[in-house]
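> I need the structure of the sequence given here:
(chains A and B)
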Amino acid sequence: MQNKDTWTLGGHTFTSRFILGSGKYNLNLIRAAVEDAGAEIITLALRRVNTRKEENILDYIPEGVTLLPNTSGARNAEEAVRLARLAREMGCGDFVKVEIMHDSKYLLPDNYETIKATEILAKEGFIVMPYMYPDLNAARDMVNAGAACIMPLASPIGSNKGLATKEFIQILIDEIDLPIIVDAGIGRPSQACEAMEMGATAIMANTAIATAGDIPAMAGAFKNAIAAGRAAYLSGLGRVLHRGASASDPLTGFLHD
Amino acid sequence: MGNEEYIIQWDDMTPEAKAKKERLEQDPSFRTDHMAYMEGMDQISTDIRDKVMSQVESYDEKVYTAADVQAALAHDVCSIEDFKALLSPAAQPFLEQMAEKAAVERRNHFGNSVYLFTPLYIANYCENYCVYCGFNCYNHIHRKKLNMQEIEHEMKVIADSGIEEILMLTGESRHMSDVKYIGEACKLASKYFRNVGLEIYPVNVDEYKYLHECGADYITVFQETYNPDKYETLHLMGHKRVWPYRFEAQERALMGGMRGVGFSALLGLDDFRKDALATALHVYYLQRKYPHAEMSLSCPRLRPIINNDKINPKDVHETQLCQILCAYRIFLPYAGITVSSREVARFRDHIIRFAATKISAGVSTGIGDHEEKYTGKENEAESGDEQFEIADNRSLQEIYDAIKDQGLQPVLNEYIYV
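Residues are numbered from 1 along each chain as shown, chains lettered A, B, ... in the order given. Model (predicted):
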C-alpha cells in the first residue's frame, strides 16, 4: 500500500518527517541522515559553506534532497535578511530557516526580530521557516507575516533537556494551522517519538546523531522513533489516567444511590 | 621586586640607555602611574572592573574543601562560588570528575567540533618594556614590519594550506604599526580568509569600529595579570603599562561593533588561581552586559623567549592548567577555549576532547617566515624574530588528521561576516 501520510511546505510535498539540522557536518552524518533516517530536507548553515574543497558541504548533498539554508550568525532581522538573500544568490533555492540569536549563552531565538525578518522574506517569495521560542502570540504574528511553518525549540541548545517546552509546543500544535516542526534540544529518539505523539509535523535534529557512537544506527533509531510517534498520533492515543484520578469508590456515586 | 629571572643584561647599550633601563627595573618611583589613563585613551563608563576585582580580592583558595568541590560537581548550573571551589587546591584530587563534567558540557555545546586557525604576526616592533616578553623594546631581536605586498604573500601561502580563520598580531607599537596599517592588513585578510581576528595593542572605540569595517570581527587582548600591583612590576614602560585601559579593551571592542572578544591571563606571572578567576569573571560579567557577544578564553603559560631560555610557567604545571581549563568549561560552557602552540601536541590532542574547542595549526610566531616554514623555500628577505618558542610545530594537515583520528570533527570556519 502506498504511504499517503505526507505533509506539505511551501507547495512541496514530503514523506519523511525527519529533517537534518545544522551544526555538525561530515560525510557520514549526511549519508546516514539520508540513507538511514530517510531525510528529504537537510539544513545548511551558510557560514559553514565554502570550506576546503574536499569538505564542501554542497558536494555532499545527494540529488533529490531539499536544501534548507539557515541564517545562523544573524543577530537581528536585517542580518538574517541579508544572509537569506545571499543563500538564494548562491543557488540554495527559496527555502530559508530564519534563525536569529541575540544571546551567545543560551542561543535563544529572538522572536521579535524573527517576526520582522519573516515578513520581509515572505514578501520576497521565500518559503520562510522561523525558528522560535514557543510563544503563541509570536507564532500567530509569524503566521500573519507569511511563515510557511513554525519551528519551536524543545529546550535550549546544549541543555540536553529534551522537551522542556512541551506544554507550550502542545499549544502551538493545537492552535496553529501550519506545520509545527520541533527543533533544538531533541537529544534522544524517545524525545522525538514523544513530540510526534503530541502531533508535531516533523522533527529536526543533528547533534544527537552526529555525536552518537554509531551514526547510521542512531539515524535509523530516529527514523523508527519518529514513525512510531506518528503512528501513535494518527491512531489516536488512548486515555491516560493520572494517578489518583480514578477513585475506586466514585466521588459522584452518591448521585445514583 | 622578585622579577630578576626575567631581566636580560646588555653590554652594548649606551650608558644613558642602560641607566634608564636599570632605573625602570629598580626604582618604582621612576615609573609612571599604571592606573592613570594616558592622553588620548578612551575612558568609558563601566562597572565591570569593580564587579570582577571585588570577587578576586576576596578570593581565598584555602577555605574550599572537598565537600565544596563535590557540591559544585553535583550542581546543574555552576555558580561563582562553585567555580571558586573548582579552581581551588581542594579540587585537584577531583580532576578526573571535573574532566568528565567538562566533557559533557563541551559535547552539549560544541558537539564534536574542533575549530582551527593560525596566527599571522605582521610586525614585531614594540614600544613597551614588559620584562617577560620576547618583543620587549630592550630585547635585541631582529625587528621587522611586513609591507602590504609581504603581508599578501604570507596570506597566500597560509590560505593555500587550507586555513580559513586567521588571527593577525603585531607587537604593541602605535608608531610603527598604526591603526591604518592594521586596517589595510584586515582588508587584505578579508580577501583570503573567512574569519579575521586581531590581537594588537588596545585601541579606542572609534578605532575598533574602523577595524571592524575593515573586516575584523574578533578582538583578543591578554590582560597578562589581573593583579594591578604585580602588573606594575612587569610592565615597566609604554602605553601597555596602563592597566585599566587594557582591562576595558574588550568592552570598547564590543562598543565598536566587534562580534566577539577573547580574554586571558598569562598564567605563571602571578597567583594563577586568582588570575584564572579574574579572567573567567571578566567573561561572565561582560557576557551579562553584552549578551550577543561571542566570548572566548585562552590559557597561555609563560614560555622561554629569545635571549632568555630560563623563563618557564613556574607553578602552573600541566595538571594545574588542566584543572583551570576544566573549571572554565564547567563555569562558562558556552565560551570558546583556545589552546595555543605554547603547549605540546600530547596535551593539545587530549584537552580538545573535554575542555578546549579551538587550536592553532601551522604556527609561526616570527615575522614573514611562513613560506620557509610551510614549503622549505628560503626567504629572500630576512624574517623577524619570534615572540616566544612554540611547543607544537605540526602543520595544518597533521593537526587536521590528528583531530579526525580521534573521531572529532575539524572545522576550518563557522563564521560569516554580516
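
> buried residues in the helix or strand encompassing residue A:33?
For residue A:33, the host element (DSSP states H and E) is helix A:27-35. Within helix A:27-35, the residues scored as buried using 16 or more other CB atoms under 10 Å in any protein chain shown are A:29, A:30, A:32, A:33, A:34. Any C-beta I mention is one placed from the backbone N, CA and C, and that applies to glycine too.

> quick one: contacts for the third one?
Residues near residue A:32 by CB atoms under 8 Å, 6 or more residues apart in numbering or on different chains: A:209, A:215, A:216, A:218, A:219.

> can you do 6 Å?
Applying CB atoms under 6 Å, 6 or more residues apart in numbering or on different chains, one finds that residue A:32 lies in contact with A:215, A:216, A:219.

> as CSV, the buried residues of helix A:27-35 with pLDDT would be great.
Formatted as CSV, the entries for the buried residues of helix A:27-35 read as follows, by pLDDT from 0 to 100:
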residue, pLDDT
A:29, 79
A:30, 80
A:32, 82
A:33, 83
A:34, 85
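
> export the residues you listed as a markdown table, with columns for distance to residue B:176.
As requested, those are exported to a markdown table (distance: CB to CB, whole Å):
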| residue | distance to residue B:176 |
| --- | --- |
| A:29 | 48 |
| A:30 | 49 |
| A:32 | 54 |
| A:33 | 52 |
| A:34 | 55 |
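
> hang on, the earlier thing: of the contacts of residue A:32, which are in range of chain B?
Contacts with chain B within the contacts of residue A:32, counted by CB under 6 Å from any CB of the partner chain: none were found.

> which of the residues you listed lies closest to chain B?
The closest of those to chain B turns out to be residue A:215 (CB to the nearest CB; 10.4 Å).

> was I right to think the closest one contacts residue A:28?
Yes. Because the distance of 5.2 Å satisfies CB atoms under 6 Å, residue A:215 is recorded as touching residue A:28.

> how about the helices in the stretch 151-257 of chain A?
Along the stretch 151-257 of chain A, the segments classed as helices by DSSP state H, counting those that start in this stretch run A:166-175, A:189-198, A:207-210, A:215-235.

> the stretch 201-350 of chain B against chain A: which residues are in contact?
Taking CB under 6 Å from any CB as the criterion, the stretch 201-350 of chain B approaches chain A at residues B:287, B:291, B:292, B:294, B:334.

> for the worst-scoring helix or strand of chain A on mean pLDDT, what is the distance to the chain centroid?
The element with the least model confidence among the helices and strands of chain A, by mean pLDDT, DSSP states H and E, is helix A:27-35, at a mean of 79. Its chain's C-alpha centre and that of helix A:27-35 lie 18 Å apart, by CA atoms, centre = their mean, to the nearest Å.

> measure the residue nearest to residue B:251 when sequence neighbours are not counted to chain A for me?
The spatially closest residue to residue B:251, leaving aside those adjacent along the chain, is residue B:46, at 5.8 Å (CB to CB, 6 or more residues apart in numbering or on different chains). Distance, residue B:46 to chain A, by CB to the nearest CB, to the nearest Å: 19 Å.
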